[in-house]
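[1] Everything below, folded, please.
(2 chains)
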There are 2 protein chains.
Amino acid sequence: MNFQQKLQKIVKRNKSLVCVGLDPDIKKFPKGLKKSPSSIFSFNKAIIDATNKLVCVYKLNIAFYEAYGLEGLKQFKKTIEYLKKKYPHIPIVLDGKRADIGNTSKMYAKAFFEYWGGDALTVYPHLGLDSLEPFFRYKDKLVILLIRTSNPDAKMFQDVMVGKHPYYIEIARQIKEWPYPNIGIFVGATYPHELKQIRKIFPDKIFLSAGIGVQAASIKQAIQAGRDKKGENIMYNASRSIIYASSGKDFAERAAEETEKLRDSMNKYRFEK
Amino acid sequence: MNFQQKLQKIVKRNKSLVCVGLDPDIKKFPKGLKKSPSSIFSFNKAIIDATNKLVCVYKLNIAFYEAYGLEGLKQFKKTIEYLKKKYPHIPIVLDGKRADIGNTSKMYAKAFFEYWGGDALTVYPHLGLDSLEPFFRYKDKLVILLIRTSNPDAKMFQDVMVGKHPYYIEIARQIKEWPYPNIGIFVGATYPHELKQIRKIFPDKIFLSAGIGVQAASIKQAIQAGRDKKGENIMYNASRSIIYASSGKDFAERAAEETEKLRDSMNKYRFEK
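    Sure thing, here's the model as predicted:
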């Protein structure tokens, strides 16, 4: 089953567009859990076990694991293995923001799709097509290109005007011509106008968006701008607002409550005209 | 000592602008060495011990380690620790091509500058200044921004015309205004014209360049385009042409010979008018 098929199934089953971001920061770990890299898997497991009926996908940003070195990366691997074994119907997005010249990208593709074992990976498109082909060759995996990010300074280099349109539109239009079906698109939810423009360019692609929650994007605007014609084909990530909803022993239940709330408010707008 | 000081010293001491790229590909390991991730450190150590008097810096591209998972990353760490202990006067560039939104970049900065322990890191500038500040805060480390890469499709998105100049010039000019002294610049040596243009914008910055060797950039052109007024402040990486110069038991000696040859032909052009 390829990523798209897997995603469609789980979106239906869990009635959800919520992507929970498992981005562990041990300083923020709840009471009762050792503030140590070796607790990461336990933390993730509790969140996963509490939220797996409410999400469409989990996203792991590897930076939050690499910061804790080999121990952190061991916990990263363990979390992915647990997900694949216990919840094989839930796709795993790895947020690595990788890409390099072709010969090196081949190595990253091997790392993320074979060794770590993700179903999707975020990548920088800026080095051009030859830097991305090694990823596209994994046909069942989704390769999510960063087109317009969610951070405040995103405008600085991504909105530079190229003739009459900004740079991100220029690269989106070129990418649209690429003959790879497993292209995914990342656009920050904090910029609904940009999200809407880019959705128009890629009406059928799977989108990943982020910025709902701590980055405070409006859910209504994000949904209306990002959904496809059927009200789907997009995953909205929230990390900190869910996984650190409580710093008490009830952190996993509170994470589930937040996920449910988010899912339900998204669903309110998904099918609205 | 900050990166710049360290680099100036070793360039003088070893009379070299050569950066040897330690990018292990176990399939290419020489006879007598097990084609297994656990041999990576032994391979690197042999190359380092043979070339340390001929280089100004070593560069490790983490993709070539991450492809072999936790074992590969263990060998990455071991190589860095060996370099720091045995050759503390040689700076270590980590080629990670990282960067994410601020909160996440902080984690990558921690990983590369604290845990792995590099002296410099390559990063994507495309998310804008707030995505890079967590790296710049490590004042003794060099943060090398990818301005124009060495691969054939580099032109695709980096040369898009913004008014009368290409995109890479636009971002270079903006970056020039940033108040951080520890900015380094990456430009591919396969594009001497672009390298020369970007050197003009940053006459005093440290450059990293690549593409000499397998990617076949001309040494003479690369040196004339990339050097500063004193004939220095730039590191030229070569990986495959050096570390796989021989697939026999003499691989380390042959790597040293290739490094010496490269160093000497660079030096021929460094001070030429």
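
[2] Please verify my assumption that A:Ala210 contacts A:Tyr191.
    No - assessed by C-beta atoms under 8 Å, A:Ala210 is found out of contact with A:Tyr191, at 11.0 Å. C-betas here are computed from N, CA, C, even on glycine.

[3] Give me the common contacts of those two.
    Residues touching both A:Ala210 and A:Tyr191 (C-beta atoms under 8 Å, 6 or more residues apart in numbering or on different chains) are A:Ser150.

[4] which stretches of chain A aren't confidently modelled?
    A:214-216 (pLDDT under 70).

[5] Tell me where it has strands.
    Ranges of strands within chain A are A:18-21, A:57-61, A:92-98, A:120-123, A:142-148, A:161-162, A:165-166, A:183-187, A:206-210, A:234-238, based on DSSP state E.

[6] Among these, single out whichever gets nearest to A:Ala255.
    strand A:18-21 (7.7 Å; C-beta to C-beta).

[7] all helices of the stretch 51-200 of chain A, in order?
    Ranges of helices within the stretch 51-200 of chain A are A:63-66, A:69-86, A:102-109, A:133-136, A:154-158, A:167-176, A:192-201, based on DSSP state H, counting those that start in this stretch.

[8] Which elements pack onto the last one?
    Contacts of helix A:192-201 with other secondary structure elements, assessed using 3 or more C-beta pairs under 8 Å, 6 or more residues apart in numbering or on different chains; DSSP states H and E, are made with strand A:142-148, helix A:167-176, strand A:183-187, strand A:206-210, helix A:219-226.

[9] Arrange those in JSON lines, one row each, with distance to chain B as further columns.
    Shown next, in JSON lines, are these (distance: least, C-beta to the nearest C-beta, whole Å):
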{"stretch": "strand A:142-148", "distance to chain B": "8"}
{"stretch": "helix A:167-176", "distance to chain B": "5"}
{"stretch": "strand A:183-187", "distance to chain B": "11"}
{"stretch": "strand A:206-210", "distance to chain B": "8"}
{"stretch": "helix A:219-226", "distance to chain B": "16"}
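
[10] need the ones you listed in TSV with mean neighbour count and distance to B:Lys230, can you?
    What follows is those, written out as TSV (neighbours: other C-beta atoms under 10 Å in any protein chain shown; distance: least, C-beta to C-beta, whole Å):
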stretch	mean neighbour count	distance to B:Lys230
strand A:142-148	26	38
helix A:167-176	20	36
strand A:183-187	26	43
strand A:206-210	26	45
helix A:219-226	21	52
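
[11] Turn the ones you listed into JSON lines, including distance to A:Val160.
    Listed next are these as JSON lines, based on distance: least, C-beta to C-beta, whole Å:
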{"stretch": "strand A:142-148", "distance to A:Val160": "12"}
{"stretch": "helix A:167-176", "distance to A:Val160": "5"}
{"stretch": "strand A:183-187", "distance to A:Val160": "17"}
{"stretch": "strand A:206-210", "distance to A:Val160": "22"}
{"stretch": "helix A:219-226", "distance to A:Val160": "22"}
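
[12] ok and the residue in the stretch 1-150 of chain A nearest chain B?
    In the stretch 1-150 of chain A, the residue found nearest to chain B is A:Gly128; the distance is 3.0 Å by C-beta to the nearest C-beta.

[13] Leaving out sequence neighbours, find the closest residue to that residue.
    For A:Gly128, ignoring the flanking residues on the chain, the nearest one in space by C-beta to C-beta, 6 or more residues apart in numbering or on different chains is B:Asp153 at 3.0 Å.

[14] For the one you found, the count of nearby residues, please.
    Other residues near B:Asp153 number 17, with proximity taken as other C-beta atoms under 10 Å in any protein chain shown.

[15] Out of the strands of chain A, which is closest to A:Ile40?
    For A:Ile40, the closest of those is strand A:57-61, at 10.4 Å, according to C-beta to C-beta.

[16] Longest helix of chain A, counting residues only.
    helix A:251-270 (DSSP state H).

[17] which residue lies farthest from the center of chain A?
    A:Gly163 (31.2 Å; C-alpha atoms, centre = their mean).

[18] show me the residues around it that make contact.
    B:Met161.

[19] what about it, distance to B:Ile169?
    Going from A:Gly163 to B:Ile169 by C-beta to C-beta, to the nearest Å gives 16 Å.

[20] A:Lys34 too?
    51 Å.

[21] and if you look at A:Ile185?
    In this view, A:Ile185 and B:Ile169 are 27 Å apart by C-beta to C-beta.

[22] same check, this time on A:Gly21
    With C-beta to C-beta as the criterion, A:Gly21 and B:Ile169 are 36 Å apart.

[23] wouldn't A:Ala94 be in contact with A:Glu114 here?
    Careful, residue A:94 is Leu; it's not Ala. No - using C-beta under 8 Å, A:Leu94 is not in contact with A:Glu114, being 11.9 Å away.

[24] Of these two, which one has the most company?
    Counted by other C-beta under 10 Å, A:Leu94 and A:Glu114 do not tie: A:Leu94 has more neighbours, with 25 against 13.

[25] what sits against the closest residue to the more buried one other than its chain neighbours?
    Nearest in space to A:Leu94, with sequence neighbours left out and distances taken as C-beta to C-beta, 6+ apart, is A:Gly118 at 3.5 Å. When contacts are counted by C-beta under 8 Å, 6+ apart, A:Gly118 touches A:Leu60, A:Ile80, A:Ile92, A:Val93, A:Leu94, A:Phe112, A:Lys141.

[26] rerun that using 6 Å as the cut-off
    A:Ile92, A:Leu94, A:Phe112 (C-beta atoms under 6 Å, 6 or more residues apart in numbering or on different chains).

[27] Reformat those residues into JSON lines and put distance to B:Asp159 next to each item.
    Below are the contacts of A:Gly118 laid out as JSON lines (distance: C-beta to C-beta, whole Å):
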{"residue": "A:Ile92", "distance to B:Asp159": "35"}
{"residue": "A:Leu94", "distance to B:Asp159": "30"}
{"residue": "A:Phe112", "distance to B:Asp159": "28"}
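
[28] ok, the residues you listed vs A:Ser246, which is closest?
    Using C-beta to C-beta, the contacts of A:Gly118 come closest to A:Ser246 at A:Ile92, 24.8 Å.

[29] Surely A:Gly72 and A:Pro37 touch.
    Yes - A:Gly72 is within contact range of A:Pro37, at 4.9 Å (criterion: C-beta atoms under 6 Å).

[30] Which one's more surrounded, those two?
    A:Gly72 (23 against 19).

[31] Could you list the residues of chain A in contact with chain B?
    A:61, A:63-64, A:66-67, A:69, A:97, A:100-101, A:104, A:107-108, A:110-111, A:115, A:124, A:126-131, A:149, A:151-154, A:156-157, A:160, A:162, A:170-171 (C-beta under 6 Å from any C-beta of the partner chain).
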